[in-house]
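Chemist: task: produce atomic coordinates for the following.
(chains A and B, ligands or ions: 2)
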Amino acid sequence: MTAGGAPAPQVEVVPLGRVNSTAAQVVAANLQALLELDAMVVEPWPEPAQALVAARGQYDAGIIMQELATPQGGPLRLGLMGKDLCVPFLTYVLGESQLGGRAAVMSLHRLSEGEGGSRAPRHVMLERAAKVGLHEIAHVLGLEHCRTAGCLMRFSAGLTTLDRLHMGFCPACQRDLTRLRMDLPARAPAR
Amino acid sequence: MSTPLQVLVVDDELAMRESIAAWLIQDGQQAAKAEGGREALAMMEQREFDLALVDIKMPGMDGIELLRRIKEGHPDTLVIIITAYGSIESAVEAMKAGASDYLLKPFDPEHLMLLLEKMGRQRRLMQENQMLRQRLAEGQMAGFEDMVGGSQDMLKVFDQIEEVAATDAPVLIVGETGTGKELVARAIHNRSARSFGPFVAINCGAQSESLLESELFGHERGAFTGAVKARRGRLEMADGGTLFLDEVGEISQKMQVSLLRVLEDGSFLRVGGGQPLTSDFRLICATHRNLPELISAGEFRQDFYYRTNVFSVTVPPLRQRREDVIPLAEHFIAVFAQETGKVPPELEDKARRALISYSWPGNVRELRNIMERAVIVSKSGFIGLEQLTFLDEGPKPGSTALSLAEMETEHIRRVLQAHGWNITQAAATLGIDRTTLGRKIKKAGLRSP
Ligand SMILES: [Zn+2]
Ligand SMILES: [Zn+2]
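Modeler: Ligands and ions are numbered 1, 2, ... in the order given. I've put the predicted structure just below:
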């Protein structure tokens, strides 16, 4: 442990390139409020050019997560992008995470879509961002999908399903989260 | 809650199979990976898979060929073919070769989710059919379907069944051996909201503790000597339906603790497994023992008793409802006469009196067995005292074993049945000519059903 520098938070929200900074703050605040994690927005990183899949005009979420992942003991990282994300076998993803791992990444790209091609109000976009962030970080803590209606751990590929989720976890997931959080260091050591 | 699907991802592209498998695991399914057809088939020899996701374009054995081999060797495994955009012809070919569906690469995430849900439903349906076939093969469904009785005691049982069926709480059925406790359990299931789910029964008294454990909880491959394949337990099979534990008084305290845990949080492990599974079932237990007595003697756990005995139904012994004996006997005569292709024989007065006054230690099951034999050996359309063999009274000389003639008749009946009453084939099997067989059929009073 090196001297000096503030101790790292448990979760770093990392803007990747140009990102709506309010959204980043809202995501961090919700991780703090609902998951009781010490979360903080850090200085932006440059857009991950190496993750661009040119043929698809999207960014490969898996590659980005490899960049973000810190070794054991470091903070968990949630990357936040304005550009669209994908994985090789899916046409797009709203977010992606390493189950029980170190990193997750999410995109705001589709979250502003409203009905019939319109733009969704800002508060709707922010609520969606918070939901995706909570869902992905819960995966990183080790939680799998849940089939309970309304639970945040229910899989939602599209915005319709995402909008139907409550801003919270069902009792079973809540119980698992309490247990999983205990495995986490209270505050990661400073680097 | 549903049990995870066992999925095998077959793709020669490493990144593809890795990321699909990781996604499935995150979704709560269980996923294994194979890089080609040969490896996939080898893995399927080791354990069962519910679903295989197969890339159509692979070097060596291609996806369609693998699909054909899977359908040959593992017809219960569902197959989804993964194909690239633009090759819709091969997708059609795959469907013709038995694929359940196909996915265009890259997949639309919502479509993938719906497809997995559909596969889950299909698996459930197949499991139910499997259980049904198994039970038919075990003969557990032969006859005996309906409970017969107009006595006060039985009417009370029918009322209780209706009442309990409306709930989802555990039920304990108490009654002597042979009173038809499984019939009561089945009736509750059939009238309950779970009637479309499976009814899974297991007799806990009939097996050793370790066997019972793996029967109930299932096991992973290599969990113990002889566990060459991973196997689903009855708990998993009962997901969405009813689990019936017969002779629950015989299970060990250790097993009671394990089951209690399942009842409390709905999750459990296979023997030798590390991944917790869940199953949503209604529990119905039955016993012929006096459980409160066993509890006082320290042989049965009180907490398990309270947990399983939310409702209780007591099935009366047959000797307590003698008015039901003759209607039951006539019911069985009708059932077996139809099975054997005979005209239902009539009960003689002496036989009726004997049936009513008998002590019935084996209850309805004994009555059923007695009537089955009586129908087989009956001659001239009547059942007399000579055709009744009671368990308790000891063998009456000359009537215990079937006579040589009776055995011959029974043998002929079975052969005829096996050949669907094709006289030529049956005669060939029996090694006699058609005319002789015709004569014997007439003499024995056999008739095709
Ligand atoms: Zn998820
Ligand atoms: Zn949940």
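Chemist: contact partners for the residue of chain B found nearest chain A?
Modeler: Going by C-beta to the nearest C-beta, chain A is nearest to B:P109 of chain B, at 3.4 Å. Backbone N, C-alpha and C define where each C-beta goes, glycine included. Listed by C-beta atoms under 8 Å, 6 or more residues apart in numbering or on different chains, the contact set of B:P109 reads A:90-93, A:157-158.
Chemist: mind giving me the PyMOL command for buried ones among the residues you listed?
Modeler: To isolate the buried members of the contacts of B:P109 in PyMOL, using 16 or more other C-beta atoms under 10 Å in any protein chain shown:
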select buried, chain A and resi 90+91+92+93+157
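Chemist: okay, now residue 105: neighbour count?
Modeler: Chain wasn't specified; assuming chain A. Other residues near A:V105 come to 29 when the count uses other C-beta atoms under 10 Å in any protein chain shown.
Chemist: that's the other chain; I wanted chain B
Modeler: Around B:K105 there are 20 other residues, counting by other C-beta under 10 Å.
Chemist: so what's it bridging to?
Modeler: Beta bridges link B:K105 to B:A84, judged by DSSP bridges.
Chemist: return the distance of it relative to B:V54.
Modeler: Distance of B:K105 to B:V54, computed by C-beta to C-beta, to the nearest Å: 12 Å.
Chemist: can you name the residue of chain A nearest to chain B?
Modeler: A:A157 (3.4 Å).
Chemist: pLDDT score assigned to that residue?
Modeler: A:A157 carries a pLDDT value of 82.
Chemist: so it sits right up against B:M113, yeah?
Modeler: Yes. Between A:A157 and B:M113 there is a contact under C-beta atoms under 8 Å: 5.9 Å.
Chemist: count of residues packed around B:E293?
Modeler: 11.
Chemist: next one: it from ligand 2, what distance?
Modeler: 43 Å (C-beta to the ion, to the nearest Å).
Chemist: kindly report the same for B:E323.
Modeler: Distance from B:E323 to ligand 2, by C-beta to the ion: 55 Å.
Chemist: if we can go back for a sec, what helix or strand is the residue of chain A closest to chain B on?
Modeler: For A:A157, there is no enclosing helix or strand under DSSP states H and E.
Chemist: next one: the one 4 residues further on
Modeler: Remark: A:T161 resides in helix A:159-164, with elements defined by DSSP H and E.
Chemist: mind listing what's buried in the following helix or strand past that helix?
Modeler: Sequence order places helix A:171-182 as the next helix or strand after helix A:159-164, per DSSP H and E. For helix A:171-182, the buried set under the neighbour-count rule, 16+ other C-beta under 10 Å, comprises A:172-173, A:176-177, A:180.
Chemist: ditto for stretch B:28-44
Modeler: Neighbour-count burial for stretch B:28-44 flags B:28-37, B:40-41, B:43-44 (criterion: 16+ other C-beta under 10 Å).
Chemist: and for stretch B:162-173?
Modeler: B:164-165, B:170-173.
Chemist: again with stretch A:150-164
Modeler: In stretch A:150-164, counting by 16+ other C-beta under 10 Å, buried: A:151-157, A:159, A:162.
Chemist: kindly report the same for stretch B:289-306.
Modeler: Using 16+ other C-beta under 10 Å as the test for burial, stretch B:289-306 gives B:291, B:295, B:300-301, B:304-305.
Chemist: same thing with stretch B:306-315?
Modeler: B:307-309, B:311, B:313, B:315.
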